[in-house]
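>>> can you look at this prediction? I've put the sequence above it.
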Amino acid sequence: MTRKNKITKEFKNYQMNSDVYKLRKEVMNLIYEVKEVYDIPRIDVRIGESKNCNTLGIARLNNNIIWIAEYTINKGIDFLRNVVYHELLHTIYGVDHDEKCPLMQSRLENILTKQECLDIFGKYANQ
Ligand SMILES: [Zn+2]
């Protein structure tokens, strides 16, 4: 897809207001956490709700845009980190799901620590 689309059919974007800004800030903080260690591009972040309630986040491959569900943010920082890092790997490097990788498996099963997330991220970032 050549056009950088800001909407996705699977997701309802929230309009920006102070509450949504706070939610978005939590995601941005995790992106800055990655940026402190790895050289990554600017990422467009959209907050909203998924039309399929199982979807925690969405990324467009190689497009530097991610969508994160409010539900995911409300599950706490460790849960959110696993989802954000996963979506970043999709959208920055075009990484596909890998059921053998605890971060890139299609379903989030085990919550990894910050260090584990950073280490796995680095494996892909340095490829
Ligand atoms: Zn995924």
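Perfect, thanks for sending it. None of these values were measured; they are calculated from a predicted model.
>>> apart from its neighbours in sequence, what residue is nearest residue 101?
residue 120 (6.7 Å; CB to CB, 6 or more residues apart in numbering). Glycine gets a C-beta too; all of them are placed from N, C-alpha and C.
>>> how many other residues sit next to that neighbour?
Neighbour count for residue 120, taken as other CB atoms under 10 Å: 19.
>>> what are the phi and psi angles of it?
phi -70, psi -40 (degrees, to the nearest 10).
>>> next up, the contacts around the nearest residue to residue 50 once chain neighbours are set aside.
Excluding its sequence neighbours, the residue lying closest to residue 50 (CB to CB, 6+ apart) is residue 69, at 4.8 Å. The neighbourhood of residue 69, defined by CB atoms under 8 Å, 6 or more residues apart in numbering, consists of 11, 47-50, 55-57.
>>> how much space between residue 81 and residue 9?
27 Å (CB to CB, to the nearest Å).
>>> cool, and residue 112?
From residue 112 to residue 9 the distance is 30 Å (CB to CB).
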